[in-house]
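[1] This is a predicted model, with the sequence first.
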Amino acid sequence: MSHSSIERFKTVTDRNVLALQEAKQAGVKVVGQYCIYSPLEMALAAGAVPVSLCGTKNDSIFSAESILPRSLCPLIKSSFGFALEDSCPYLAASDIVVADTTCDGKKKMFELLAERKPMFMLQLPQIQNAPALEYWKEQYESLMRHFEQLFGVVIGEKELRSAIAKANRFRRALKSVLDLARKKPSPLSGMELMEIAHRASFVPDWDKAAELLEDIAREVGASNESPFSASAPRVLLTGVPVGLGSHKVVKLLEDCGASVVCLDNCSCYKKVRLMIDESADPLTALASRYLDMPCAVMSPNPNRYAYLEELASEFRADAVVDLTWQGCQTYDVESWSVKKFVREKLHLPFLQIVTDYSPADTEQLKVRAEAFLEMLR
């Protein structure tokens, strides 16, 4: 279905690369980021532009496998392949890349990437308690000092508070779009939700991005149209991140008749669930908000189950599908516990899909998806 606000959003985001190049020519610094544990606000407070980096395409994986193991997660291989090929304009424009030690595969890949690009590595604690928070706050303070030295700026409380407010506005705007799918039937498909979140992460003008997202929420929210019937099974997709190029499971589920109403992953809903307290100590508030992320690298990871229960209720999910990339050991192992929780606590049907970016297994996955959705009907 056509919405003028979405078409405007696509028109603007089609120019993301050009807009970033124009910002670079005007002297703006660019900070590339791979993970949502890297604080957007720190780059904004330094007067820089934070941008996501490429890692959702299958095309770059072949190049990466000349160095990385073939059994490694496709997200890691895709990200590194883009660097080897110098084919990601956002990475090329980055003055520095901020990365974090989430899984073992990523942190070892980042060591190789550091030979090609200036890097700052955040040493992520993998437990969410008070000592970990203090340590994580120290990591953020080190990043802040590094930015000050690298960019020749001073980042004070005023700059941090302004950056937090800007990032909160963006998150609220994106969340207002993603929350449209709480309606039954959803006015937007899961593919549309995924594409909007993906495109928004590359917009160099954060105020403009928030404005465009707010327009989408207003226009689509006032519409009673939907691409789905009210009886379409509502699927909550949890697990690994997806984006344009790694979206085959989202598309496959909807091609088979499901309505993907929530994408509970770090490329979509996880990055908007929590706002940052604008009245608290900025550095403490930043560290607390980001450490709270329910990634499978956390051990234990109780927040994931609490959020799943909330989301399943808020989006009125009929089933949960857990997407796992091949080679992603943290999410693959945790899937057993997620299945147990979904079936025994939420009393919902559950399906785990383990795949990669390649289209080779599409027909096989289609058979599984059709059987699962038929059971729901």
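    On my side now, so go ahead. Predicted model, so just to flag it, every value in this text is computed and none were measured.
[2] For the rest of this, base every contact and every neighbour count on C-alpha atoms.
    Fine.
[3] quick one: stretch 360-367 to chain centroid distance?
    Once both centres are worked out by C-alpha atoms, centre = their mean, to the nearest Å, stretch 360-367 turns out to sit 25 Å from its chain's centre.
[4] so where is this structure shaky, pLDDT-wise?
    Within the chain, the ranges that satisfy pLDDT under 70 run 1.
[5] Roughly how far does the residue nearest to the spatial centre of it sit from residue 97?
    Central residue of the chain (C-alpha atoms, centre = their mean): residue 267, 1.5 Å from the mean position. Taking C-alpha to C-alpha, to the nearest Å as the measure, residue 267 falls 18 Å from residue 97.
[6] residue contacts, the residue nearest to the centre of the chain?
    Taking C-alpha atoms under 8 Å, 6 or more residues apart in numbering as the contact definition, residue 267 lies against 197-198, 241-243.
[7] now, which of these sits nearest residue 315?
    Checking these against residue 315 with C-alpha to C-alpha, the nearest one is residue 197 at 17.5 Å.
[8] Am I right that that closest one is in contact with residue 268?
    Yes - here residue 197 reaches residue 268: they are 5.8 Å apart, a contact under C-alpha atoms under 8 Å.
[9] Give me the common contacts of these two.
    With C-alpha under 8 Å, 6+ apart, residue 197 and residue 268 have no common neighbours.
[10] is it fair to say residue 70 lies in a strand?
    No - looking at residue 70 with DSSP: H, G, I helix; E, B strand; the rest coil, it is coil, so not inside a strand.
[11] Just read off the phi/psi values of it.
    Residue 70 adopts backbone torsions of phi -70, psi -30, taken as degrees, to the nearest 10.
[12] same thing with residue 321?
    The phi/psi pair for residue 321 (degrees, to the nearest 10) reads phi -110, psi 130.
[13] what's across from it in the sheet?
    Residue 321 has these beta-bridge partners by DSSP bridges: residue 237, residue 351.
[14] my guess is it meets residue 343, correct?
    No - between residue 321 and residue 343 there is no contact, the gap being 11.7 Å when judged by C-alpha under 8 Å.
[15] anything in contact with each of those two?
    The contact sets of residue 321 and residue 343 overlap at residue 350 (C-alpha under 8 Å, 6+ apart).
[16] the more surrounded of these two?
    Legend: neighbour count by other C-alpha atoms under 10 Å for residue 321 and residue 343, higher for residue 321 (23 against 14).
[17] list the contacts for that one?
    Contacts for residue 321 (C-alpha under 8 Å, 6+ apart) come out as 235-238, 350-353.
[18] Out of those, which comes closest to residue 42?
    Nearest to residue 42 among those, with distances taken as C-alpha to C-alpha, is residue 238, at 28.0 Å.
[19] wouldn't the closest one be in contact with residue 265 here?
    Yes - assessed by C-alpha under 8 Å, residue 238 is found in contact with residue 265 at 5.8 Å.
[20] Can you pick out the residue with more neighbours from the two?
    A direct count of neighbours by other C-alpha under 10 Å for residue 238 and residue 265 places residue 238 higher, at 23 against 18.
[21] and that one, how far is that from residue 356?
    Distance of residue 238 to residue 356, given as C-alpha to C-alpha: 15 Å.
[22] cool, residue 237 as well?
    Residue 237 is 16 Å from residue 356, by C-alpha to C-alpha.
[23] Looking at these two, which one has more neighbours?
    residue 237 (24 against 20).
[24] gap between the two ends of stretch 343-355?
    Stretch 343-355 has an end-to-end distance of 22 Å (criterion: C-alpha to C-alpha).
[25] For that stretch, what is the distance to the chain centroid?
    In terms of C-alpha atoms, centre = their mean, the centre of stretch 343-355 is set 21 Å apart from its chain centre.
[26] buried sites along that stretch?
    346, 348-355 (16 or more other C-alpha atoms under 10 Å).
[27] ditto for stretch 8-19
    9-10, 12-13, 16-17, 19.
[28] next one: stretch 126-134
    Neighbour-count burial for stretch 126-134, counted by 16+ other C-alpha under 10 Å, picks out 126-128, 132-133.
[29] Also stretch 325-335?
    325-332, 334-335.
[30] do the same with stretch 57-68
    Buried residues in stretch 57-68 (16+ other C-alpha under 10 Å): 57-58, 60-61, 63-65, 68.
[31] From those residues, which land in helices?
    Those of those mapping onto helices are 61, 63-64, per DSSP state H.
[32] one step back: how about the buried residues of stretch 8-19 in JSON lines, adding secondary structure and distance to residue 40?
    Output for these, formatted as JSON lines (DSSP: H, G, I helix; E, B strand; the rest coil; distance: C-alpha to C-alpha, whole Å):
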{"residue": "9", "secondary structure": "helix", "distance to residue 40": "21"}
{"residue": "10", "secondary structure": "helix", "distance to residue 40": "22"}
{"residue": "12", "secondary structure": "helix", "distance to residue 40": "21"}
{"residue": "13", "secondary structure": "helix", "distance to residue 40": "19"}
{"residue": "16", "secondary structure": "helix", "distance to residue 40": "17"}
{"residue": "17", "secondary structure": "helix", "distance to residue 40": "19"}
{"residue": "19", "secondary structure": "helix", "distance to residue 40": "18"}
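[33] Among those residues, which one sits closest to residue 373?
    Ranked by distance to residue 373 (C-alpha to C-alpha), the buried residues of stretch 8-19 are led by residue 10 at 31.3 Å.
[34] Now do the helices in the stretch 201-350 of the chain.
    For the stretch 201-350 of the chain, helices defined by DSSP state H, counting those that start in this stretch occupy the ranges 206-221, 248-255, 282-291, 302-314, 329-344.
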